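1. I would like the atomic coordinates for the input below:
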Amino acid sequence: MRGRDASAAFHFAQHDVLFFLILPWSCDAYGRICALALTGGQAGDCPQAPGLLRRHLRAGQAVLADRAYDADYVRVQIGQAGAQAVIPGKKNRTIRLEHEAEIYKDRNQIERAINGMKRFRAVATRFDKRAANYFATCCLIAALTWL
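-> Below you'll find the model as predicted:
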């Protein structure tokens, strides 16, 4: 899976068929995981953003995300909540969008959260063969980040 973060996507074999699953998530400023979603590998990251952000958006917040989440409907949802979208524009946008580069540097919190999940062997090695079991393990680890 070149070009993708190996911690955000995993694969497993079931009945000799290879499946890809993606685990998009959001975290707060302290690196604690706030929301998780488990999708098929063919699903993009951006369609999951509204569900992940729905309960956590507050006025005055800054939402930091990578280029994969650069979509007008995501920016509109963030703006309607009174938050600031700090998302660099995709390269193929006809109108270039600016973002706060200094604030964007704090996006490493999600990378730290990913590395925190990798500390657990069951997640790092994709030990579970069923998607529901893997998701349950990830939810348990997410709960542990709040302790």
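2. doesn't Cys34 fall inside a helix?
-> No: if the criterion is DSSP: H, G, I helix; E, B strand; the rest coil, then Cys34 is strand and not within a helix.
3. got the contact list for the nearest residue to Arg32 once chain neighbours are set aside?
-> Once flanking residues are discounted, Arg32 sits nearest to Thr145: 4.6 Å by Cβ to Cβ, 6 or more residues apart in numbering. Glycine gets a C-beta too; all of them are placed from N, C-alpha and C. Neighbouring residues of Thr145 by Cβ atoms under 8 Å, 6 or more residues apart in numbering: Gly31, Arg32, Ile33, Ala113, Gly116.
4. Can you check the pLDDT for Thr145?
-> On the pLDDT scale, Thr145 is placed at 84.
5. what do you get for Val76?
-> The model's pLDDT for Val76 equals 92.
6. any idea how far the helix or strand harbouring it is from the chain center?
-> For Val76, the enclosing helix or strand under DSSP states H and E is helix 72-80. Centroid separation between helix 72-80 and its chain, computed with Cα atoms, centre = their mean, to the nearest Å, is 17 Å.
7. quick one: buried residues of it?
-> The neighbour-count check on helix 72-80 (16 or more other Cβ atoms under 10 Å) flags Val74, Arg75, Gln77, Ile78 as buried.
8. which is the next helix or strand following that helix?
-> Toward the C-terminal end, the helix or strand that comes next after helix 72-80 (DSSP H and E) is strand 84-86.
9. Same question for the next helix or strand after that next one: list its buried residues.
-> Moving toward the C-terminus from strand 84-86, the next helix or strand (DSSP H and E) is helix 101-104. For helix 101-104, burial by neighbour count (16+ other Cβ under 10 Å) applies to Tyr104.
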